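Asker: model the structure of this input:
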Amino acid sequence: MKKILGKKQSIQNEEWLKARKCIEELVSREELDEKVRSTVEEVRQMTDGKKAAYAWSAGKDSLVLGEICRESGINDCMMAICNLEYPAFLKWVDRHKPKELEIINTGQDLEWLSKHLNMLFPQDSATAAKWFSIVQHRAQAKYYKAHGLDLILLGRRRSDGNYCGRGSNIYTDGKGVTRYSPLAAWSHEEILAYIHYYNVRIPPNYKWEKGYLCGTHPWAARQWTGSVENGWHEIYEIDESIVREAAKVIDSAADFLKLL
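Answerer: Below you'll find the model as predicted:
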């Protein structure tokens, strides 16, 4: 296997696209199949005798996670959303979601956003992390407790700079939720290889500007825009109806439309 992609935050979107085009030169089918085999074996051992489910976001990592989990005998899954999702993304999810998927809506909407403008287009990692806390983590905890789980599997990887547990791929947070990340050691190239060799369908987000940098997320949580005005510009290019609706309650959206 050859690695050409570094830390996610330092990779340009064009580099992701380039890697996808030459993925067979970077990871062979034999190498990928061995990685899958060993990961499935690990998942089966870690979840043996335990009640487990996985978190699915329709992002590239969670799509691979979902396939690995299903091969390991884990079918129950959940998804966290709010009322600030891209319509095109939700349409894709409705068409391609796992049949066992339970969707939990944490409720953040335009009215909420108008009162928390500091959360609009995060310009630092701390603010971006707050989105994960109030949407993904909150929904995961709710699902975890409602279903009496012993652990929930995530698509987190260390190559993305994600915390996956100290010295292991599993940890329990202060609320008693045990999270296990079986893809923690997977490289970016291996994720792309799985999608390629196994013909995994990915949502439209990855075709949008900075698609591989931003991934799947509420539109208001879009990172690396540089400014609020640039954020509205990027959203407008994806779906102008989002901006026009937001302009009814958020001044910066209205101001952006005036400049058109």
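Asker: okay, now the unreliable bits of this structure?
Answerer: Residues of the chain meeting the criterion pLDDT under 70: 4, 7-10.
Asker: now with 90, please.
Answerer: 1-13, 16-17, 125, 158-168, 174-175, 213-214, 260 (pLDDT under 90).
Asker: report the central residue of it.
Answerer: Closest residue to the average C-alpha location of the chain: Gly59 at 4.2 Å, with C-alpha atoms, centre = their mean.
Asker: nearest residue to it in space, please, no chain neighbours.
Answerer: Among residues not flanking Gly59 along the chain, Thr216 sits closest, at 4.2 Å (C-beta to C-beta, 6 or more residues apart in numbering). Where C-beta positions appear, they are placed from N, C-alpha and C, glycine not excepted.
Asker: separation between that neighbour and Glu67?
Answerer: 16 Å (C-beta to C-beta, to the nearest Å).
Asker: returning to what we had before: the residue nearest to the centre of the chain contacts Gly155, doesn't it?
Answerer: Yes - look at Gly59 against Gly155 with C-beta atoms under 8 Å: they come within range, at 6.9 Å.
Asker: Ile81 touches Ile103, doesn't it?
Answerer: Yes - at 6.1 Å, Ile81 counts as touching Ile103 under the criterion of C-beta under 8 Å.
Asker: so between those two, which is more surrounded?
Answerer: Ile81 (22 against 16; other C-beta atoms under 10 Å).
Asker: what residues does the more buried one make contact with?
Answerer: Residues in contact with Ile81 (C-beta atoms under 8 Å, 6 or more residues apart in numbering) are 90, 103-106, 135, 139, 218.
Asker: contact partners for the residue nearest to Gly59?
Answerer: With C-beta under 8 Å, 6+ apart, Thr216 has these contacts: 57-59, 89, 203, 205.
Asker: what's the ChimeraX syntax to select whichever of these are buried?
Answerer: Selection of buried members from the contacts of Thr216 for ChimeraX, criterion 16 or more other C-beta atoms under 10 Å:
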select :57,58,59,89,203,205
